[in-house]
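K.L.:
Need a 3D model of the sequence below.
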Amino acid sequence: MDLFECPAPAYLESIPIGACPVRWDQVQKLILRRIDGRTDLTKANIILSATITPLLTATDDTKIVVSPFMSNVVIPQGEILKEGGNDNTTLNGIPQLRGLGFVNVTAQIRNANSDTVDVMRALTPESALQPGQTNLEVILVNKDGKLIVREQAGSGSRVEGFPIYNFTVSDVGSAGFAQDNINNIGWDFAPGWSEGHRLLTPTDYAALTLSNGVSTS
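P.N.:
Next up, the predicted model:
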């Protein structure tokens, strides 16, 4: 992503207007995988169980894992960062554009057992190798079981997840009588994270019921 492209193109590019709006609606699950283990996913094969099933059961870097159901998933709009404005710090008091900011996503899981939370917390180092580096990406699954992915620029049809940073799970909280236990979850998306996003519908599997086949009592 380059907000300050130089030299500029020879002419202004026409802005395409889609016939149908893209509405993600409520995100309910995450499909997570290591960036280092990316397999060749395309818009055509990611919607097939023949592609997804082997990744769920893989025993190497290509393995994907599925989160429990999540509620209250909130993805804020990206913040536009500017410096100065209406003062003496910039020429003529005009704000100076700095770029886009990181997006802090929040979510919750309810009544999760400690085994689930412990394994999810083990993902934190994958997403915080050191400041500015991650080896974890997510594919979002909405309430209709549709996949929200990112199409790789210039690839024609290859898709991937969205890299995430600082994935964390809080300690459990309880408000008492007749209330759910809640763990807060958070992660960061980098500026420009949603470029090339696509909404895809699986053809022969239900994304909301995907599982790695592990259960605990």
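
K.L.:
And for residue 148, the neighbour number?
P.N.:
If you count neighbours by other Cβ atoms under 10 Å, residue 148 ends up with 20. Glycine gets a C-beta too; all of them are placed from N, C-alpha and C.

K.L.:
Determine the set of other helices and strands touching the helix or strand where residue 99 lies.
P.N.:
Using DSSP states H and E, residue 99 maps to strand 96-100. For strand 96-100, the elements it packs on are strand 80-83, judged by 3 or more Cβ pairs under 8 Å, 6 or more residues apart in numbering; DSSP states H and E.

K.L.:
what comes up buried for the strand it packs on?
P.N.:
For strand 80-83, burial by neighbour count (16 or more other Cβ atoms under 10 Å) applies to no residue.

K.L.:
How far does the next helix or strand after the strand holding residue 99 sit from its chain's centre?
P.N.:
Following strand 96-100 in sequence order, the next helix or strand is strand 103-110 (DSSP H and E). Offset of strand 103-110 from its chain centre (Cα atoms, centre = their mean, to the nearest Å): 11 Å.

K.L.:
next one: whatever helix or strand comes next after strand 103-110 to chain centre, how far?
P.N.:
Heading C-terminal from strand 103-110, the first helix or strand you meet, by DSSP H and E, is helix 114-121. From the chain centre to the centre of helix 114-121 is a distance of 19 Å (Cα atoms, centre = their mean).

K.L.:
CA atoms only: put helix 114-121 into CSV for me.
P.N.:
C-alpha atoms of helix 114-121 as CSV (Å, rounded to 0.1, in the frame of the first residue of the first chain):
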residue,chain,number,x,y,z
SER,A,114,-9.4,-23.2,30.4
ASP,A,115,-8.1,-25.6,27.8
THR,A,116,-9.6,-23.5,25.0
VAL,A,117,-8.2,-20.3,26.4
ASP,A,118,-4.7,-21.8,27.0
VAL,A,119,-4.4,-22.9,23.5
MET,A,120,-5.6,-19.6,22.1
ARG,A,121,-3.1,-17.8,24.2
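
K.L.:
Can you give me the buried ones in that helix?
P.N.:
Using 16+ other Cβ under 10 Å as the test for burial, helix 114-121 gives 116-117, 120.

K.L.:
Which single one of those is nearest to residue 22?
P.N.:
Nearest to residue 22 among the buried residues of helix 114-121 is residue 120, at 28.6 Å by Cβ to Cβ.

K.L.:
unless I'm mixing things up, that closest one is touching residue 67, no?
P.N.:
Yes. Using Cβ atoms under 8 Å, residue 120 is in contact with residue 67, at 7.2 Å.

K.L.:
coming back round to it: make CSV from the buried residues of helix 114-121 and add distance to residue 172 and pLDDT to it.
P.N.:
Formatted as CSV, the buried residues of helix 114-121 follow (distance: Cβ to Cβ, whole Å; pLDDT from 0 to 100):
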residue, distance to residue 172, pLDDT
116, 11, 95
117, 7, 96
120, 12, 96
